[in-house]
Each structure stands twice: as structure tokens, then as C-alpha cells.
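A.B. asks: Coordinates for the following, if possible.
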Amino acid sequence: MSERSSGTVMFQGKGIVKGYFRGEALVTNKPISFLGGVDPSTGIILEKNHDLEGATLAGRVLLMPHGKGSTVGSYVLYSLAKRKLAPGAIVTVKVDLMTLTGCVIGEIPLVDRVPEKALSTIRNGDIVEVDAFRGLIKVISR
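C.D. replies: Numbers count the residues shown, from 1 in each chain. Okay, here's the model as predicted:
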């Protein structure tokens, strides 16, 4: 669901790991591998030729179709969370087991099953509110 009443952009998904976070959106249409694709000591995306290469995950809302790669990526995501270098929340179209597990053990709010249109409507730098209790994603400002 996308709503544009009074300029409000909202998407409904399913809250998987409960929590609330408001922060800057980091959006990609490409999956991310946390093992090898993200520097575990800085939280910077290293994956060559990825549209987010060089971007920092820390304190942002990561919107992506799904993760990819080894299940060890779950531990990388957990490790990033413990060092305050992980995204403040993750939003996916179809969550993969690695991202799900990393969010659970890292206590990172996760909303899944957002419409794919969210990845083209929400832009990098938008301030986004993630309510994983209700599964809502709302653009606060552009």
C-alpha cells in the first residue's frame, strides 16, 4: 500500500523484528551481502559495482529487495549492531534468512513484504520512520 494524501508517502509491510527507528533512507534495488560486501569494522559497503558502494550503513534505514551470500553474514550484521555501525532499521521486499537472523540477534527493527514500488518511491536521503510494531514505513521529509 502506498498513500499520498496530503503529501504523505507510506507503505505497509509486515513487522518481523519489532522496534521503531527514524533516520535517513539508504535505498537500493540490488541485494547486499553483509559477508564480504560490507566492511565489518566500519559499516561501509565495499561491494564492487554496487550502487551503494562507499555508503555508510550506521544509523540509516536500509531499504533493499533482500540480502544475499553466506549465513555468516548474520554474524557480521550482529557484530555491526553491537558496535553501533549497523542500520537503525532494515526494510525488505522479501527477507532472506541471513538478514532476518542478523536483525533478530542484533535487535535491528525489520519490516518485510513492502511493495517493490517502495524501492523506487523512497529516495536516498529521505527521512523515514519505520514502525516495525505495525509494519509501517513513512517518509517524514524529502
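A.B. asks: thought Lys14 was touching Arg134?
C.D. replies: No: at 9.8 Å, Lys14 does not count as touching Arg134 under the criterion of C-beta atoms under 8 Å. Bear in mind the C-beta positions are built from the backbone N, C-alpha and C, glycine included.
A.B. asks: For the strand of greatest length in the chain, buried residues please.
C.D. replies: If you go by DSSP state E, the chain has its longest strand at strand 20-27. For strand 20-27, a neighbour-count test (16 or more other C-beta atoms under 10 Å) marks Phe21, Gly23, Ala25, Leu26, Val27 as buried.
A.B. asks: Report the beta-bridge partners for the first one.
C.D. replies: It stands for Phe21. Val130 (DSSP bridges).
A.B. asks: residues touching it, list them.
C.D. replies: Phe21 is in contact with Val61, Gly88, Ala89, Pro109, Glu129, Val130, Ala132, counting by C-beta atoms under 8 Å, 6 or more residues apart in numbering.
A.B. asks: I figured the fourth one was touching Gly13, is that so?
C.D. replies: In this case it means Pro109. No: judged on C-beta under 8 Å, Pro109 makes no contact with Gly13 at a distance of 11.3 Å.
A.B. asks: so which strand or helix has Cys103?
C.D. replies: Element membership for Cys103, per DSSP states H and E: helix 97-106.
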